[in-house]
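Q: Give the three-dimensional model of this entry:
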Amino acid sequence: MHCMARLFCMHGDAHDRLIRRPYHGSMQAQPLALNPGQTALISIDLQHSNVGRQLAPHTAADVVQRSKRIADSLRAAGGTVVWVRVDVTALLSLPADASIGRPPGSPVPPPEFSELVPELQVQAADVRITKRQWGAFYGTDLDQQLRRRSIKTLVMSGIATNFGVESTARAAFDRGYELVFVEDAMSSLAAEPHDFANKELFPRMGRVRSTDVLLEAITAGAQR
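A: Numbers count the residues shown, from 1 in each chain. Just a heads-up that it's a prediction; the model follows:
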């Protein structure tokens with residue numbers, strides 16, 4: 001049988017091993033080297049409307065705390081910090097079988113839903129981007145802000161893994177940015193889509209690492 005046919009005919013344990021291989025191995029596959037001055041954290045939608053949700057596999061509080069640690073470290077090393085938020089009152093909502101948008105006729109969310117949570121301690125020099133759809137590139141000046149700072153590498157964090165983070169990362173990949181996905185600094189509405197993105201998608205677009213590994217790379221890069 002042709003090898004491709006065998007792939008699609010797998011059953012039982014062999015198939016389970018294929019689709020459930022851990023991403024933790026790939027996190028350590030090769031050393032992570034960064035030039036902090038050409039690196040930007042792109043943190044997606046850490047605002048009240050998302051941080052108040054029950055998330056998996058990582059809690060919203062953990063995602064916020066880890067994203068802040070990354071921001072503080074990268075900022076101190078001369079890198080760029082970008083906080084992206086979505087205006088939930090203007091979020092694009094189209095007919096869909098399982099829409100996560102605001103149902104027609106529902107009350108308009110209060111303004112604070114669109115505001116970043118104070119725990120991030122956003123600094124005046126940080127870049128702030130407001131979007132009105134899942135991805136942070138379309139309809140914003142994010143690409144221009146990054147190009148002006150000679151950014152080559154984007155570090156991805158935020159909520160939700162398979163919505164705003166993935167959509168932004170796909171657009172960044174198409175534009176030629178190198179990507180680092182911080183697995184434990186992002187989360188989703190359920191563990192399964194988060195795990196799928198980090199096991200099957202993100203390793204094909206960039207490098208998947210933990211917060212601790214990333215922080216070590218930022219420190220090492222700053223010392224070069």
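Q: in the protein, which spans are strands?
A: With strands called from DSSP state E, the chain shows them at 39-44, 80-86, 127-131, 153-159, 178-187, 207-209.
Q: Quickly run through the sheet partners of the shortest one, with directions.
A: This means strand 207-209. strand 178-187 (parallel) (DSSP bridges).
Q: Can you show me the CA trace of the partner strand as PDB?
A: Output in PDB follows, covering the C-alpha atoms of strand 178-187 (Å, rounded to 0.1, in the frame of the first residue of the first chain):
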ATOM      1  CA  GLU A 178       9.800  34.500  12.300                       C
ATOM      2  CA  LEU A 179       7.500  33.200  15.000                       C
ATOM      3  CA  VAL A 180       7.900  31.900  18.600                       C
ATOM      4  CA  PHE A 181       4.800  30.600  20.200                       C
ATOM      5  CA  VAL A 182       4.800  30.600  24.100                       C
ATOM      6  CA  GLU A 183       2.600  27.600  24.800                       C
ATOM      7  CA  ASP A 184       1.900  28.300  28.500                       C
ATOM      8  CA  ALA A 185       1.300  32.100  27.900                       C
ATOM      9  CA  MET A 186      -1.800  31.400  25.800                       C
ATOM     10  CA  SER A 187      -5.000  29.500  26.300                       C
END
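Q: quick one on the thing from earlier: pick the most buried one from the strands of the chain.
A: strand 39-44 (a mean of 28; mean count of other Cβ atoms under 10 Å). No exception for glycine: its C-beta is placed from N, CA and C like everyone else's.
Q: start to end distance for stretch 74-91?
A: Taking Cα to Cα, to the nearest Å, stretch 74-91 runs 30 Å from one end to the other.
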